[in-house]
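**Q** have a look at this prediction, sequence included:
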Amino acid sequence: MSKPSLFNLLSQKRFLPLFGTQFLGAFNDNLFKAGLFVIFASSPLLVDNQIHTFNNLATVLLSIPFLLFSPTAGTLADHFEKSTLIRYVKVGELIIAGLIVWALVTQQPWLLLTVVFLLGAQSAFFGPLKFSVLPQHLKKIELTGGNALIAGGTLVAILLGLVLGPLLAESGSSDSTNVNTPWALAAFVTVAAVTGLIFAWFVPKAPSVYEGTPKWNPLSEAMSVFRLATEKKAVFQSILGVSWFWALGAVYTAQFVKLSTDHLYGDSGVFSLLLATTTLAIAAGSVTCGQLSRRRIEIGLVPIGAIFVSIFGIDLYYAIQSIPIQNELRNAGEFLTSVSSLRVLIDIVLIGFFLGIYLVPLQTTIQARTPIDRRARVIAANNMLNAIMLAIFVGGISIFWLTVLNWGIPSLLLFMAVLNIFVSLYIFVQVPEFTLRFVVWILSNTLYRIRHTGLHFVPERGAALIACNHVSYIDALVLMGAIGRPIRFVMAKTVFKIPILNYLFRAAKTIPIAPKSEDPKTYHQAFDDIRAALDSGDLVCIFPEGRLTPDGDIGEFKPGTLKILTNNPIPVIPAALCGLWGSKFTHHGKGLWRGRLKLWSTLEVKLEAPIEGSKVELPKLREQVLAMRGTSL
């Protein structure tokens, strides 16, 4: 039976209202901001040098609230019922929409900027709510898909706002003072705010479990949320990755106007083409990531996204250099007829696509691995870091590169693509789990075709013991590819120490074990580590045979399994691996004739219902695993 599409979530009452609320909020923010730039440019109240000042001020004022209010927003979201807060925030947006209408009628620049600041504040308060409420409304297997749809929908909403904003701002009527009143823009902003509030009214309840006393001092709360964000290394490195995504994307898109005219010799239509294709490509990448993840949190896709962003980012530099000099600016149609221009466009589209694949697993990891009582505050820390990174790279490094050093846009984009390699390497070295899952994903989705049954028998949380037959050196990788939940493996020290694989095994926190007669220290340490892992609620996998099978058969199950269960009588999940015997990774054959790779062959992972730990009998457990494997070795 085929797995349900992630788009099925759009028909769910527990998801659609939040999706609609977020979509319309992002649309409204960008609709007004884009229209505002046109209003400033045509305003008789501003001279030329003031127009640039007010445009830059509008961008800054939209970001400052994320630094000022995110800690308080996170505290509120953790302390109170979230759906109620979402409705309050959307009521605030409706009030701001009323101020927008007033501001558009009077067109006083400072009033318009005040409204921009209020929109930024509203977004700052909504951010921790929307991402912290998702894990309360969605199952874990739906979380990646939900994030993919939120990210994709937000980007489409942003694009629609950026396209419609200038058009609506230019469609107004002038009065006796020659001030153009964009009534259509005012109407769209108001209707979007009202519709967003209607969607918000149907967001299901998400009660708070936070039992602490909230702090209302923004400075001390900012320090507190950053401390919470750094408690788990994987979460904090994911936060860094998300912030880097926004910085990298903002640097690229911020250069599109000058890149279009000065280097691609295109008019405003070419700029619009670059902006639209990039936005849609990121949205497509986000949704594709949701599909590739197969209803799990697949952080193995993050390195894939990072690698290809740099590859196409570097190629973009050379593609820009290949554009022949033009005497006149080209429109979008003329731009698309040039092979060199198409190369630029393809690079930009693929950069956006792989940025989408890069983002979604990181965002989902932050949500899934942060306890519910502090999730909103950790997301608030993420939003603050996003704003800081944007200020550093867009407001600092980019301006310094282009105005002080005068090194040009193509070299800036090349610098960001190369820097992406080092930022990604830093994250992956700090959290080797990213690399491990990357290898597992490649193994599971390209080298072999893996089928699995009974995955629903693995609990989402809590201690359990998987007992599996031991066929090859990559059994652990195959099981990790099938079972989305992190697993602590117990394996022979001789296998654990194999070069290259050892790095991956250590990343998975594998527990090496050796016979008591050969290495008593490793033997006792292994059982101590197993006990600690189970006490912590981890999922542990053992190979009860104690060694790789020499002939493809399932050997006798050793008594170490019962020793584990004596101290921790947790459920035991029988598992069987089928189809690996005879490959290069097994003991089949000798020397150069040892097996073959068996690439693209079908492997099976079978699991059955857990057995109570106190009722496990080794002979019966072996017979059950043997029956599950059947005749397929």
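**A** Cool, got the structure.
**Q** what stretches of the stretch 151-300 of the chain score poorly on pLDDT?
**A** Within the stretch 151-300 of the chain, the segments meeting pLDDT under 70 span 172-181, 212, 214, 216.
**Q** run a quick neighbour tally on residue 220.
**A** Using other Cβ atoms under 10 Å, residue 220 has 11 other residues around it. (C-beta placed from N, C-alpha, C; glycine too.)
**Q** in what helix or strand does it lie?
**A** helix 218-229 (DSSP states H and E).
**Q** beyond that helix, next helix or strand please.
**A** Assigned by DSSP H and E, the successor of helix 218-229 is helix 233-254.
**Q** can you show me the strands along the stretch 51-200 of the chain?
**A** 173-174, 180-181 (DSSP state E, counting those that start in this stretch).
**Q** contacts for the helix holding residue 220, please.
**A** With contacts defined as Cβ atoms under 8 Å, 6 or more residues apart in numbering, helix 218-229 is touched by 68-72, 74-75, 215, 235-236, 239, 374, 377-378, 380-382, 384-385.
**Q** now do it against helix 233-254, angle only.
**A** Relative orientation of helix 218-229 versus helix 233-254 (axes from the mean of the first three to the mean of the last three Cα atoms, to 10 degrees): 110 degrees.
**Q** in helix 218-229, what's buried?
**A** Within helix 218-229, the residues that count as buried by 16 or more other Cβ atoms under 10 Å are 221-222, 224-226, 228-229.
**Q** could I get the CA-only coordinates of it as PDB?
**A** Output of helix 218-229 as PDB, limited to C-alpha atoms (Å, rounded to 0.1, in the frame of the first residue of the first chain):
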ATOM      1  CA  PRO A 218      14.100  41.000  27.800                       C
ATOM      2  CA  LEU A 219      17.800  41.100  28.400                       C
ATOM      3  CA  SER A 220      17.900  38.300  31.000                       C
ATOM      4  CA  GLU A 221      15.400  36.300  29.100                       C
ATOM      5  CA  ALA A 222      17.500  36.600  25.900                       C
ATOM      6  CA  MET A 223      20.500  35.200  27.800                       C
ATOM      7  CA  SER A 224      18.200  32.400  29.200                       C
ATOM      8  CA  VAL A 225      16.800  31.400  25.800                       C
ATOM      9  CA  PHE A 226      20.300  31.200  24.300                       C
ATOM     10  CA  ARG A 227      21.400  29.000  27.200                       C
ATOM     11  CA  LEU A 228      18.500  26.700  26.500                       C
ATOM     12  CA  ALA A 229      19.300  26.600  22.800                       C
END
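**Q** could you give the separation of it from the chain centroid?
**A** 23 Å (Cα atoms, centre = their mean, to the nearest Å).
**Q** could you do stretch 545-552 as well?
**A** That offset, for stretch 545-552, works out to 39 Å (Cα atoms, centre = their mean).
**Q** what comes into contact with stretch 232-245?
**A** 229-230, 302, 355, 358-359, 362-363, 365-366, 369-370, 378, 381-382, 385-386, 388-389, 420, 423-424, 427, 430-431, 433.
**Q** so what touches stretch 188-199?
**A** Counting by Cβ under 8 Å, 6+ apart, 16-18, 20-21, 24-25, 27-28, 31-32, 87, 90-91, 93-94, 96-98, 100-101, 164, 168 sit against stretch 188-199.
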